[in-house]
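Trainee: All I have is the shape, not the residue letters:
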């Protein structure tokens, strides 16, 4: 899957919390943000599977 660059503006305290969380989980900050978004999409059934259907 190709990754699309995206600029994100985020509150400094929120970013610090994400960076700390990423460090605790042994992920990069970018990887942590991707994981958070992925989990939220999965939870709300917004992810598409490989066949293009909702999961």
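Mentor: Here it is on my side, so go on. Remember, predicted model here, so these are calculated numbers, not experimental data.

Trainee: and the residue nearest in space to the middle of the chain, helix, strand or coil?
Mentor: Nearest to the geometric centre of the chain sits residue 34, at 2.2 Å (Cα atoms, centre = their mean). Secondary structure assignment for residue 34 (DSSP: H, G, I helix; E, B strand; the rest coil): helix.

Trainee: List the contacts of it.
Mentor: By Cβ atoms under 8 Å, 6 or more residues apart in numbering, residue 34 lies in contact with nothing. For glycine as for every other residue, the C-beta is placed from the backbone atoms N, C-alpha and C.

Trainee: So it versus residue 40, what's the distance?
Mentor: 11 Å (Cβ to Cβ, to the nearest Å).

Trainee: per-residue confidence at the nearest residue to residue 21 once chain neighbours are set aside?
Mentor: Spatially, and ignoring its direct neighbours in sequence, residue 21 is nearest to residue 32 (5.9 Å; Cβ to Cβ, 6 or more residues apart in numbering). pLDDT for residue 32: 98.

Trainee: And residue 32, how close does it get to residue 15?
Mentor: 11 Å.

Trainee: So between those two, which is more surrounded?
Mentor: residue 32 (19 against 14; other Cβ atoms under 10 Å).

Trainee: Flag every buried residue along the lowest-mean-pLDDT helix or strand in the chain.
Mentor: Taking mean pLDDT, DSSP states H and E as the measure, the chain has helix 29-43 as its least confident helix or strand, at a mean of 95. Buried residues in helix 29-43, counted by 16 or more other Cβ atoms under 10 Å: 32-33.
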